[in-house]
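Student: coordinates for the following, if possible.
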Amino acid sequence: MQQIEMKTNKKSSWTPYGLLIVFTGPLVFATLLFAFNNHFKFNSVCTGKLITPPIASQALPFHKPSLLGKWQMVYVKPTDCKQSCEEPLIMLNTIHTALGKERERVTTRHIQSLDVTDINNPIHLEKGGLFVIDPTGWVILHYPSLSNPKGILSDVRRLLRLSHVG
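Tutor: Now for the predicted structure:
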């Protein structure tokens, strides 16, 4: 008579631990990443400096209520213009032209350098700086100079692509 071997189907003792790791691992990783975010250096997609928290343009002397509803690129000209002051303005117009069909959503302006102090945010509008103001009137980006026009153009295009306002 043949003996029939009955194999018992033992479940692996690692299965519950594997499932626990698969489902809780991402949560633990995200929590650690959030808790220790100052220790990690991530590349930014923005070439300008993000102003956090944003500044209300109503507090600034160059605020124009008629321009609300449009994106604004405001270039602050230096007070002492020893070099050619026309080059940054030409570059700003080139950036505006390069926006193509989206340029109707953006206005460009240039003003003289000035010191502004907001109640919540002290800010110095640096010489030769470019500020981006969103359609609701918040100053959100700052570029110290127009040295990287391709970066400024890509940032403004990204803002226009993601924005449903203005």
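Student: point out where this structure drops to low pLDDT.
Tutor: Applying pLDDT under 70 to the chain flags the ranges 1-12, 42-44, 79-84, 113-128, 166.
Student: in it, what residue spans correspond to helices?
Tutor: Assigned by DSSP state H, the helices in the chain fall at 15-35, 86-98, 149-162.
Student: in TSV: these, plus distance to residue 52.
Tutor: Just so you know, the C-beta spots here come from the backbone N, C-alpha and C atoms, and that holds for glycine as well. Compiled in TSV, the helices of the chain are given as follows (distance: least, C-beta to C-beta, whole Å):
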stretch	distance to residue 52
helix 15-35	17
helix 86-98	24
helix 149-162	15
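Student: and of those helices, who's closest to residue 109?
Tutor: Closest approach to residue 109 among the helices of the chain is made by helix 86-98 (9.2 Å; C-beta to C-beta).
Student: list the buried residues in that closest one.
Tutor: Of all the residues in helix 86-98, those buried under the rule 16 or more other C-beta atoms under 10 Å are 88, 91-92, 95-96.
Student: can you name every helix or strand that that helix contacts?
Tutor: strand 71-77, strand 106-112, helix 149-162 (3 or more C-beta pairs under 8 Å, 6 or more residues apart in numbering; DSSP states H and E).
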